[in-house]
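In: Fold the following.
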Amino acid sequence: MGIFARLFSREETVMTVVEFDREAVRPHLNALIDALGQLADAMDDDAAPMSNPGWRGRLKDLRNARGDLRLLTRRAEFSKDELFEVLTTVRPLYRGQPPKDFAHLASLNTVVVAEIEAVHLAAN
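Out: Below is the predicted model:
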């Protein structure tokens, strides 16, 4: 079928809509919230470089993302679009090999990455 046939065709394309199951997503969201909290708490220990504005900014980002997810899960209903709008703000500390300054946070960051992916899988 050529491009003009596709553009001017009168055939109706049938689209299948899959219902969003928020109850299947909630356990994964709760696990992500817990993982973000543990990572933020580990970053905010006594030996943390809080004088570094980048470190403080990442810590603030993690806590804000956790708070936004908690607000979302407390609602009785939320849409898939609302979930992904909040989920796009959730960033792990890093991806791939840990930088030397973050090596002690590798296991917690791995959990955060896994939970982000689990939420994506459960939502789709």
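
In: could you pull out the strands for the protein?
Out: With DSSP state E as the criterion, the chain has no strands.

In: lowest-confidence helix or strand of it?
Out: helix 3-8 (a mean of 70; mean pLDDT, DSSP states H and E).

In: which residues sit against stretch 75-89?
Out: Contact with stretch 75-89 is made by 20, 22, 25, 29, 61, 64-65, 68-69, 72, 116, 119-120, 123, as judged by Cβ atoms under 8 Å, 6 or more residues apart in numbering. Just so you know, the C-beta spots here come from the backbone N, C-alpha and C atoms, and that holds for glycine as well.

In: what does stretch 111-124 contact?
Out: Around stretch 111-124, the neighbours that count as contacts under Cβ under 8 Å, 6+ apart are 20, 24-25, 28-29, 31-32, 35-36, 38-39, 80, 83-84, 87, 90, 92-93, 95.

In: Now do the same for that stretch: mean pLDDT, whole number.
Out: Averaged across stretch 111-124, the pLDDT comes to 94.

In: Tabulate the CA atom coordinates of it in PDB.
Out: C-alpha atoms of stretch 111-124 as PDB (Å, rounded to 0.1, in the frame of the first residue of the first chain):
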ATOM      1  CA  VAL A 111      17.300  -1.900  43.700                       C
ATOM      2  CA  VAL A 112      16.000   1.500  42.600                       C
ATOM      3  CA  VAL A 113      16.700   0.700  39.000                       C
ATOM      4  CA  ALA A 114      15.000  -2.700  39.300                       C
ATOM      5  CA  GLU A 115      11.900  -1.200  40.900                       C
ATOM      6  CA  ILE A 116      11.600   1.500  38.200                       C
ATOM      7  CA  GLU A 117      11.700  -1.200  35.600                       C
ATOM      8  CA  ALA A 118       9.200  -3.300  37.500                       C
ATOM      9  CA  VAL A 119       6.700  -0.400  37.600                       C
ATOM     10  CA  HIS A 120       7.100   0.100  33.900                       C
ATOM     11  CA  LEU A 121       6.500  -3.600  33.200                       C
ATOM     12  CA  ALA A 122       3.500  -3.700  35.500                       C
ATOM     13  CA  ALA A 123       1.900  -0.600  34.000                       C
ATOM     14  CA  ASN A 124       2.200  -1.800  30.400                       C
END
